[in-house]
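Engineer: please find the sequence and the predicted model below.
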Amino acid sequence: MKVSKLAQNLIGSEIIKIGNQVNDLKTQGAEIANLTIGDLDANIYPIPARLKEEIQKAYQNNLTNYPPANGLLSLRKAVSQDLKNRWNLEYSANEILLAGGSRPLIYATFKTIVDEGDKVVYPIPSWNNNHYAYLTHAEKIEVETSQSNNFLPTAEELKPHLEGAVLLALCSPLNPTGTMFTKDQLTEICELVLEENKKRDENEKPLYLMYDQIYAMLTFDEEHFNPVSLLPEMKKYTVFIDGTSKSFAATGVRVGWSFGPTEIIDKMKSLLGHIGAWAPKPEQQAVSVFLGETQNVDLFVKDFKGKIAESLKILHTGIQDMKSRGFLVDSIKPMGALYLTIKLDYLGKTKPDGSQISDSSDLVFYLINEAGVALVPFSAFGNSRDMPWFRASAGGLSSDEIKRMLPRLENALSKLS
C-alpha cells in the first residue's frame, strides 16, 4: 500500500519499542524494573486529591462539550496569575494557549515558525526535537553536548549554528538528563539570541527560542531560570512550553499550556483548532480551580518532588557504590525532573553466551532479559548508538523496587567480560 513520503519515512519511538518488550515480558510473569517511560505509577504517585475532586465535580456538572479553541478563560487567567506569582512573568490570558498536554504545543510551535528547509537548532541529547524537525521538513542542526557540562549546550557550542536559524529548542530541567541551566549559562545563550536578532531586518524571520520548562517545579537543590526573567527583551522571541503533566503527576490528565508573543500564540491557536488537540473541558476547569489554590499546589509539589528526589538519590547512590567497587559505571547527580543519567561502559563486552554487546540498544535488551532492568539509551534522544549513556526514569517505581533492582543490575553487569 502506498502512503505519503512523510508517513513512509517516519521513525517510531525507540522508547515505545523498549516499553513494548517490557510489557510483553511482564505479561509472562517477569519482574521488570521499568525505568524507561517518563511517566508515573499513579498508585505510587496519584494526582492531587483536590484536582481529582474538581475533575469529578466538573463531569458531574456536565462540562463535556467543546472548550474554547484557546482554552477556558478561567484556566488561562489562573495560569497568568500563577506565572506572575511563581516566576514574576507578566503574560495576559490572551497570550496563553491551552492544549491536550505539551506535545501538541511543541508541534504547533514548530509548524507556526518553521518553513520547509528552515534551520532548527537543538542540543542532543534532547527529547523528540528530531521528530518535530522531520515533521516540519526542517534543516536540523544537532549540537552534541558533553558530560563535562551535564549534557547541556553552552553558548560557545551553539554560537556557530545560529546564523540564519529560525528556532532554537531548549529544555530545563532537561529530559533526558535531569540537569539544569545555571543562571549564567542561560543568560549567555539568550544574549546570543538577542545578538542574532539585531542583525536581521524586518523582512527576515526572527530567531525564536522554544523553552520547554515542563519540569520547572520539580527542581531539587538548584534554582530554575527562564529566558524572559533573565533578559526581558527575550519576551518577543520566547515561546514557553509548560503544563500539569509532570509537576502534578498528571500525565494522563492532558492539560498543557504555552505562552509567548501574541502573533505566534494566535497562529498556534488556529493550527490546533484544525487538529482539535484541546485539553478536555472538565480537566481544564479542575486545573483552573486547583492552580488558584497556591498553598495546596505548593504542598503537593513539595511532597511529590521530595519522594522523586529520594528515589533518584537511592539510584544515584547505588550506581556510585558500584563505581567505587570497580564497575564501569557512573551517574550525574540529579538536579530536577524524574531522571538520572547513567553511564554503563560495557559496549563491546561479551555476554555469557559468547555474543558481543554491539551497541547501547543491545545492552538495553541484555539488561531487560538478564536483570529485569529497562533503561533508555541516549540514542533515543539523538545520540549515537556507540554512546554508553542511558536515561533512568524513577517515576514508575517505588524506592523499595529501586533498591531491589540494584543487585540484579550489578549481577548482570558482572557477567559481561
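Structural biologist: Okay, I see it.

Engineer: now do the strands in the stretch 151-300 of the chain.
Structural biologist: Secondary structure of the stretch 151-300 of the chain (DSSP state E, counting those that start in this stretch): strands located at 165-171, 208-212, 238-243, 256-259.

Engineer: to Glu196, which of those strands lies closest?
Structural biologist: Comparison of the strands of the stretch 151-300 of the chain against Glu196 by CB to CB identifies strand 165-171 as nearest, at 7.7 Å. Bear in mind the C-beta positions are built from the backbone N, C-alpha and C, glycine included.

Engineer: put the alpha carbons of the closest one into CSV.
Structural biologist: Included here for strand 165-171 are C-alpha records, laid out as CSV according to Å, rounded to 0.1, in the frame of the first residue of the first chain:
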residue,chain,number,x,y,z
ALA,A,165,18.3,29.7,12.1
VAL,A,166,14.6,30.4,12.9
LEU,A,167,14.2,28.2,16.0
LEU,A,168,16.4,27.2,19.0
ALA,A,169,14.8,24.5,21.1
LEU,A,170,15.9,24.2,24.7
CYS,A,171,14.6,22.4,27.8
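
Engineer: okay, the angle between that strand and strand 238-243?
Structural biologist: 30 degrees (axes from the mean of the first three to the mean of the last three CA atoms, to 10 degrees).

Engineer: returning to what we had before: quick one, which of the strands of the stretch 151-300 of the chain is packed in tightest?
Structural biologist: Greatest average neighbour count among the strands of the stretch 151-300 of the chain goes to strand 256-259 (a mean of 27), per mean count of other CB atoms under 10 Å.

Engineer: quick one: average pLDDT of that one?
Structural biologist: Across strand 256-259, the average pLDDT comes to 98.

Engineer: next: stretch 386-406.
Structural biologist: Taken as a whole, stretch 386-406 carries a mean pLDDT of 96.

Engineer: can you give me the end-to-end distance of it?
Structural biologist: Across its full length, stretch 386-406 reaches 24 Å end to end, with CA to CA, to the nearest Å as the criterion.

Engineer: for it, buried residues please.
Structural biologist: 387-397, 399, 401-402, 405-406 (16 or more other CB atoms under 10 Å).

Engineer: now do that stretch: distance to the chain's middle.
Structural biologist: Mean-position distance between stretch 386-406 and its chain equals 17 Å (CA atoms, centre = their mean, to the nearest Å).

Engineer: repeat for stretch 231-249
Structural biologist: Counting by CA atoms, centre = their mean, stretch 231-249 comes out at 13 Å from the chain centroid.

Engineer: sweet, I'm off.
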